[in-house]
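Participant: predicted coordinates and the sequence they were generated for:
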Amino acid sequence: MAAKIYTNKDASLTPLKKKTLAVIGFGSQGHAHALNLKDSGLKVVIGLYPKSKSREVAKKLGFQVMDTAEAVKAADVIFVAVPDTKIAGVYNKDIAANLTKGKTLLFSHGFAVHFKTIEAPKDVNVIMVAPKGPGHTVRSQFVDGKGVPGLIAVHNDADGKAKDIALAWARGVGCTRAGVFETNFREETVTDLFGEQTVLCGGASALVKAGFEVLVEAGYQPEMAYFECLHELKLIVDLMNESGIAGMRFSISETAEWGDVSVGPKIIDAGVKKRMAKQLKEIESGKFAKEWIAEATTGGYKKFNAIRKAEAAHQIEKTGEKLRSTMSWIKQKKLKKGAAQASYISSSK
Ligand SMILES: NC(=O)C1=CN([C@@H]2O[C@H](COP(=O)(O)OP(=O)(O)OC[C@H]3O[C@@H](n4cnc5c(N)ncnc54)[C@H](OP(=O)(O)O)[C@@H]3O)[C@@H](O)[C@H]2O)C=CC1
Ligand SMILES: CC(=O)[C@](C)(O)C(=O)O
């Protein structure tokens with residue numbers, strides 16, 4: 001049976017109207033939810049650790065900022081918008097002791113609950129509102145009067161109101177303007193990790209870089225390779241987003257369509273699908289989560305930061321930066337080194 005799509009007509013803000021909503025963390029998702037909820041007329045406070053760079057950014061945007069534990073104490077609904085591998089530490093230090101009966105704990109990804117890095121008490125609601133898009137897009141779509149589609153899930157319904165609170169939050173951040181599906185923490189966690197690793201971020205960036213390298217190594221100009229392999233990918237994916245693969249094929253040339261259907265399956269062949277299925281098993285078994293938590297805790301991000309450094313030095317980045325700053329097509333959003341995530345959106349206004 002097709003899943004029900006919840007929209008604004010199914011979601012009232014009433015469950016949140018007289019509540020205090022704490023957003024712990026003010027990064028990609030945190031700043032977007034906080035600003036959207038505030039613009040929806042709801043009372044939002046921000047919880048951050050004392051030395052956070054985001055305190056000033058949040059204050060400048062009109063929020064009351066508290067230490068994390070104080071924000072949890074003051075709130076009825078607590079959104080844990082900190083990095084997944086840090087959730088357990090923040091929960092044990094600042095949240096658990098203040099998570100009294102009747103409160104609601106909210107996540108926008110199921111990682112910590114599904115892989116049991118935290119276990120919330122049975123007398124609090126545990127829910128998820130997961131926009132299916134990056135935080136900065138959750139904000140920009142909301143400002144444009146639109147919304148990013150999202151997912152809701154209820155892990156624990158202590159007071160019988162968990163789903164109404166989730167739908168109210170989904171409305172407050174704009175997701176029900178687009179549409180919201182109900183899922184569960186396992187399904188959201190596994191499919192989100194799979195998608196971001198093998199198709200979206202991981203798969204797409206590997207494919208783009210490979211195409212760019214093949215053209216540049218064959219002697220073609222890097223600018224040509226950038227236009228062909230990265231810039232135009234957005235335009236093609238936009239068509240798929242708007243009208244499916246068939247719609248994209250309707251719009252491209254016959255020559256491109258023949259290349260698509262006759263060559264594409266040789267590039268992304270059965271071997272790719274086999275490796276995707278293997279990765280899905282590693283996510284489901286918890287192997288990926290275990291390795292990622294180790295890298296982010298005992299590993300001290302050493303391997304991760306070395307890869308980040310090499311990736312930032314890739315020729316495609318310099319080529320792209322140059323083209324984006326000269327082309328009027330893509331609004332150049334400067335990523336300020338070391339700035340808080342949320343300042344990225346405020347600086348790009
Ligand atoms: N990025 C995205 O678009 C998406 C993220 N999610 C989920 O949203 C959640 C948050 O991720 P994301 O927004 O990317 O995170 P970011 O890394 O963008 O931001 C993390 C925020 O948490 C703050 N923080 C770190 N430690 C603490 C602490 N001890 N107490 C309070 N705040 C702290 C950081 O502070 P500081 O600013 O000082 O660094 C920062 O503001 C995760 O569960 C993620 O999986 C879900 C969907 C999409
Ligand atoms: C934007 C999103 O939902 C991702 C890619 O899964 C994430 O940033 O975690």
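Facilitator: That came in fine, so what should we check first? Ligands and ions are numbered 1, 2, ... in the order given.

Participant: residue of this structure nearest ligand 1, please.
Facilitator: Scanning the chain for the residue nearest ligand 1 gives residue 27, at 1.9 Å (criterion: C-beta to the nearest ligand atom). For every residue, glycine as well, the C-beta is placed using N, CA and C.

Participant: can you check the pLDDT for that residue?
Facilitator: Residue 27 is assigned 95 on the pLDDT scale.

Participant: pretty sure residue 136 is one of the things it touches, is it not?
Facilitator: No: Residue 27 is beyond contact range of residue 136, at 10.0 Å (criterion: C-beta atoms under 8 Å).

Participant: buried sites along stretch 238-249?
Facilitator: The neighbour-count check on stretch 238-249 (16 or more other C-beta atoms under 10 Å) flags 239, 248-249 as buried.

Participant: now, these that are in helices?
Facilitator: Within these, residues falling in helices by DSSP state H are 239, 248-249.

Participant: contact partners for residue 257?
Facilitator: residue 249 (C-beta atoms under 8 Å, 6 or more residues apart in numbering).

Participant: an error on my part: the question was meant for residue 15.
Facilitator: Counting by C-beta under 8 Å, 6+ apart, residue 15 touches 161, 164-165, 167-168.

Participant: what about residue 12, how many neighbours?
Facilitator: Using other C-beta atoms under 10 Å, residue 12 has 14 other residues around it.

Participant: nearest spatial neighbour of it, skipping sequence neighbours?
Facilitator: Nearest non-adjacent residue to residue 12, counting by C-beta to C-beta, 6 or more residues apart in numbering: residue 168, 6.3 Å away.

Participant: and residue 316, by the same measure?
Facilitator: Nearest non-adjacent residue to residue 316 (C-beta to C-beta, 6+ apart): residue 212, at 4.9 Å.

Participant: so that neighbour, which of the three states?
Facilitator: Secondary structure assignment for residue 212 (DSSP: H, G, I helix; E, B strand; the rest coil): helix.

Participant: ok so residue 140 is a helix residue?
Facilitator: Yes: Residue 140 forms part of a helix when assessed by three-state DSSP.

Participant: so what pLDDT did it get?
Facilitator: Reported pLDDT for residue 140: 94.

Participant: what of the one 5 residues further on?
Facilitator: Each residue has a pLDDT score; the one for residue 145 is 97.

Participant: does it belong to a helix, a strand or coil?
Facilitator: Residue 145 is classified as coil under three-state DSSP.

Participant: give me the neighbour count for it.
Facilitator: Count around residue 145 with other C-beta under 10 Å applied: 8.

Participant: what's the answer for the one 5 residues further on, then?
Facilitator: When neighbours are counted by other C-beta under 10 Å, residue 150 registers 26.

Participant: look at residue 151 and give its secondary structure.
Facilitator: Going by three-state DSSP: residue 151 is strand.

Participant: isn't it up against residue 133?
Facilitator: No: assessed by C-beta under 8 Å, residue 151 is found out of contact with residue 133, at 11.2 Å.

Participant: so between the two, which is more surrounded?
Facilitator: residue 151 (25 against 18).

Participant: how about that one: what's its closest non-neighbour residue?
Facilitator: residue 130 is the one closest to residue 151 (C-beta to C-beta, 6+ apart), at 4.4 Å.

Participant: list the contacts of that neighbour.
Facilitator: Contacts of residue 130 by C-beta under 8 Å, 6+ apart are 107-110, 150-153, 188, 192.

Participant: redo those as CSV? Include distance to residue 255.
Facilitator: Below are those laid out as CSV (distance: C-beta to C-beta, whole Å):
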residue, distance to residue 255
107, 47
108, 42
109, 41
110, 44
150, 38
151, 39
152, 44
153, 45
188, 40
192, 36
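
Participant: run through these and flag the ones next to ligand 1.
Facilitator: 107-109 (C-beta under 6 Å from any ligand atom).

Participant: check contacts around the spatially most central residue of the chain.
Facilitator: By C-alpha atoms, centre = their mean, the chain has its centre lying nearest to residue 134, at 4.0 Å. By C-beta under 8 Å, 6+ apart, residue 134 lies in contact with residue 28.

Participant: try it again with 10 Å
Facilitator: 28-29, 32, 140, 148, 201 (C-beta atoms under 10 Å, 6 or more residues apart in numbering).

Participant: who wins for most neighbours among those residues?
Facilitator: residue 32 (32 neighbours).

Participant: name the next helix or strand following whichever helix or strand it is part of along the chain.
Facilitator: Element membership for residue 32 (DSSP states H and E) is helix 28-39. Remark: after helix 28-39, the chain's next helix or strand is strand 43-48, criterion DSSP H and E.
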